[in-house]
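Engineer: Could you work out the structure for the sequence below:
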Amino acid sequence: MTQDMERMTLWQRARQGVAARRSRREGAGPVSDRVDRFCHEEDGSAIIFTLFVFLFMLVMAGLGIDLMRYEMERTRLQATIDAAVLAGAGAPIGSEVTDVKAIVEDYFTKNGMASYLHEIDTDGEGEDDIETSLNATRVYAEASMTMDTYLMKLSGIDQLEAFGAAEAEVRTPKLEVSLVLDVSGSMDGYKMTNLKSAARDFVTTILNGSDPGNTVISLIPFSWNVAPGPEIYNALTVNDTHDYSSCIRFSSSDYNSAAIDPDVAYNQQIYTSLYGSFDNHNDSWRSCFPEERAQILPYSMSETDLHTRINALDADGNTSAHIGMKWGAAMLDSEFQSVFNALKDPSVGVVDASLSDIPAVYGEAETLKIIVLMADGMNTDSYYFDENSPYRGPDSDLYLLTYTDMEFLYGYSIYNVSRRYYDSWAEGYCHYSWFNCEYQVSDDVISAYYLRDGSWYYDIDNNDWIDSGEFNDLQDMEGFISLDRLDWETAWGLMSPDYYGDITGNWGPWNDYRYSERESGSIKDTRMQAICSATKAEGVVVYTIGYAISSGGNAETQLRNCASSPNHYYPTNGANISAAFNSIASNVQNLRLTQ
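Structural biologist: Model (predicted):
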């Protein structure tokens with residue numbers, strides 16, 4: 001208890017000391033007292049800090065709101081200018097600059113931003129904002145706007161400025177197309193009818209999908225061979241041996257390159273037929289078809305000309321798709337620029353004079369090269385004389401007699417020279433020794449052919465044999481002009497090896513032509529794949545069409561492998577070949593837009 005009393009006494013003393021100190025402070029002056037209390041007062045300090053934080057957050061929120069408004073308007077401005085220049089660049093190729101400008105301005109007007117668009121330069125001075133050409137449109141535009149702020153004004157920022165710029169260019173590549181079509185004998189009938197319709201539609205679609213001058217199509221028909229035509233032939237370097245046709249013979253190594261070099265000397269293909277009578281080769285067995293309908297139509301942009309040539313196509317001969325591909329590739333290879341220039345020469349006039357720089361060099365961004373190869377079956381055999389054959393070169397067994405026709409005037413008996421007989425019957429006595437005939441030279445020059453077999457000569461016109469003496473006497477006949485021994489290349493243009501063997505009994509030429517350098521279907525397949533690979537390696541897009549061929553067969557395998565991809569091969573039957581050509585045309589157009 002005593003301890004409790006002591007503790008109470010100590011507590012009371014402490015209370016009294018605190019009271020004494022307080023009493024002394026309260027006894028001080030009023031100003032110093034208030035200052036002292038303020039300095040030591042802690043009540044309300046949190047409110048001041050909260051107010052400061054609130055003001056800071058208000059400024060930051062205002063900044064965020066205005067910046068968000070600014071970014072939304074800037075994004076909208078940029079989106080509008082992006083869409084506007086894309087639309088302008090997407091105007092039809094060749095559009096007027098003013099038309100393109102109107103498209104851009106219309107986009108801004110419809111988005112309520114017409115006042116934001118800067119003036120677009122179209123005066124052709126300096127660096128134009130809009131440029132158009134035959135195959136490209138480029139558009140550049142700028143826009144800006146000023147936006148009043150809401151809460152950023154508290155920070156002294158009254159306005160924000162947004163700027164946008166965009167450039168777009170749509171460039172449609174020029175298009176070079178080789179349309180390589182099988183016109184072999186198996187295409188006769190409904191196949192040819194359907195092909196012509198499908199090919200015409202393809203040509204129309206491709207040409208209508210571009211501006212004039214941006215697309216050229218070369219038509220290459222093939223069967224036994226490909227006839228380039230005299231104009232292309234004359235622009236090449238060829239070892240000429242005859243004047244019958246323009247077909248060229250390629251070596252195996254020639255198929256390893258897409259080009260046909262105009263400066264390299266190629267051999268002319270002998271024009272003949274395995275079968276046929278004299279001066280009448282069997283069409284189905286001719287080594288070359290020289291008629292215009294079978295010739296290449298080069299670099300055409302005329303729908304009419306292409307349709308006319310397609311309509312004239314005729315089916316005959318065996319199949320040589322490798323030669324078709326070779327020519328199709330060559331027509332797209334820049335090595336042919338000198339040939340193109342020769343064809344464009346006014347003295348030749350085969351291609352339009354407004355065209356230039358065709359074929360373009362490989363890899364040029366502004367040019368897309370396409371081959372469409374259509375075949376209806378396997379490659380089949382072709383025949384060639386051996387290069388060292390005795391039935392090549394000069395001194396054949398065929399002779400040409402040329403003389404002037406003599407017009408009968410009158411005849412008379414040597415025993416009565418004063419009596420003249422003018423009637424036609426009198427000419428029948430001219431061969432008698434006692435009867436003389438008088439003639440005058442006419443304007444008609446006559447040709448007669450004689451085929452030698454040993455010491456005998458076959459008179460082809462009269463279907464008769466004469467001996468060497470009678471043959472030599474031909475040079476003494478009235479009106480004689482010349483008697484020439486033809487070279488073999490000229491002779492084969494008039495007779496087939498079969499005809500020669502049938503008349504002379506010598507089947508050496510037949511066996512030489514038929515077997516010595518026969519190009520079999522399998523050899524053609526190998527060469528076809530070589531030229532297809534060489535062409536694709538240059539960036540040419542190759543489409544192939546198998547027309548009514550066996551699924552999985554050799555013909556389909558060759559065509560599928562030749563195509564740029566399995567998707568570039570189109571199997572068709574008689575009913576849907578048009579669908580195949582239409583699909584390819586659509587793919588070509590889409591490919592142009594994505595290049």
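
Engineer: Was I right to think Trp510 contacts Ile503?
Structural biologist: No: contact criterion CB atoms under 8 Å: Trp510 and Ile503 do not qualify, at 11.8 Å. C-beta here means a position set from N, CA and C on the backbone, and glycine is covered the same way.

Engineer: of these two, who's got more company?
Structural biologist: Taking other CB atoms under 10 Å, Trp510 and Ile503 do not tie; Trp510 has more neighbours (20 against 16).

Engineer: which element is the more buried one on?
Structural biologist: Using DSSP states H and E, Trp510 sits in helix 508-511.

Engineer: What helices and strands are in contact with that helix?
Structural biologist: With contacts defined as 3 or more CB pairs under 8 Å, 6 or more residues apart in numbering; DSSP states H and E, helix 508-511 has these neighbours: helix 497-504.

Engineer: How far away from the center of its chain is the helix it packs on?
Structural biologist: How far helix 497-504 lies from its chain's middle: 45 Å, per CA atoms, centre = their mean, to the nearest Å.

Engineer: So for that helix, what gets flagged as buried?
Structural biologist: 497-500, 503-504 (16 or more other CB atoms under 10 Å).

Engineer: So which residues make contact with it?
Structural biologist: 272, 274-278, 397, 451, 453, 458, 506-507, 509-510, 512-514 (CB atoms under 8 Å, 6 or more residues apart in numbering).

Engineer: which of those count as buried?
Structural biologist: Among these, those classed as buried by 16+ other CB under 10 Å are 272, 274-276, 278, 397, 451, 458, 506, 509-510, 512-514.

Engineer: Low-confidence ranges, the stretch 251-400 of the chain, go.
Structural biologist: For the stretch 251-400 of the chain, no stretch is flagged by pLDDT under 70.

Engineer: can you give me the helices in the stretch 151-300 of the chain?
Structural biologist: Along the stretch 151-300 of the chain, the segments classed as helices by DSSP state H, counting those that start in this stretch run 190-208, 230-234.

Engineer: Ser144: which of the ones you listed is closest?
Structural biologist: helix 190-208 (41.9 Å; CB to CB).

Engineer: how far does the closest one sit from the chain's center?
Structural biologist: Put simply, helix 190-208 sits 16 Å off its chain's centre (CA atoms, centre = their mean).

Engineer: Same check on stretch 184-195?
Structural biologist: 24 Å.

Engineer: So for it, what gets flagged as buried?
Structural biologist: For stretch 184-195, burial by neighbour count (16+ other CB under 10 Å) applies to 184-187, 191-192, 194-195.

Engineer: Which strand runs longest in the protein?
Structural biologist: The longest strand of the chain (DSSP state E) is strand 435-453.

Engineer: how far is that strand from where the chain is centred?
Structural biologist: From the chain centre to the centre of strand 435-453 is a distance of 55 Å (CA atoms, centre = their mean).

Engineer: got a list of contacts for the following helix or strand past it?
Structural biologist: Note on strand 435-453: by DSSP H and E, the next helix or strand toward the C-terminus is strand 456-459. Defining contact as CB under 8 Å, 6+ apart, one finds that strand 456-459 is touched by 399, 448, 450-452, 464-468, 470-471, 503-504.

Engineer: Pull out the buried members of these.
Structural biologist: Neighbour-count burial (16+ other CB under 10 Å) applied to the contacts of strand 456-459 gives 399, 450-452, 466, 471, 503-504.

Engineer: hmm, back to that, can you lay out the helices of the stretch 151-300 of the chain as a markdown table showing distance to Pro290 and mean pLDDT?
Structural biologist: Converted to a markdown table, the helices of the stretch 151-300 of the chain look like this (distance: least, CB to CB, whole Å; pLDDT from 0 to 100):
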| stretch | distance to Pro290 | mean pLDDT |
| --- | --- | --- |
| helix 190-208 | 20 | 94 |
| helix 230-234 | 9 | 97 |
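
Engineer: Of those helices, which is nearest Glu176?
Structural biologist: Using CB to CB, the nearest of the helices of the stretch 151-300 of the chain to Glu176 is helix 190-208, at 10.9 Å.

Engineer: which strands and helices sit next to the closest one?
Structural biologist: Counting by 3+ CB pairs under 8 Å, 6+ apart, helix 190-208 packs on strand 174-182, strand 215-222, helix 303-311, helix 577-594.
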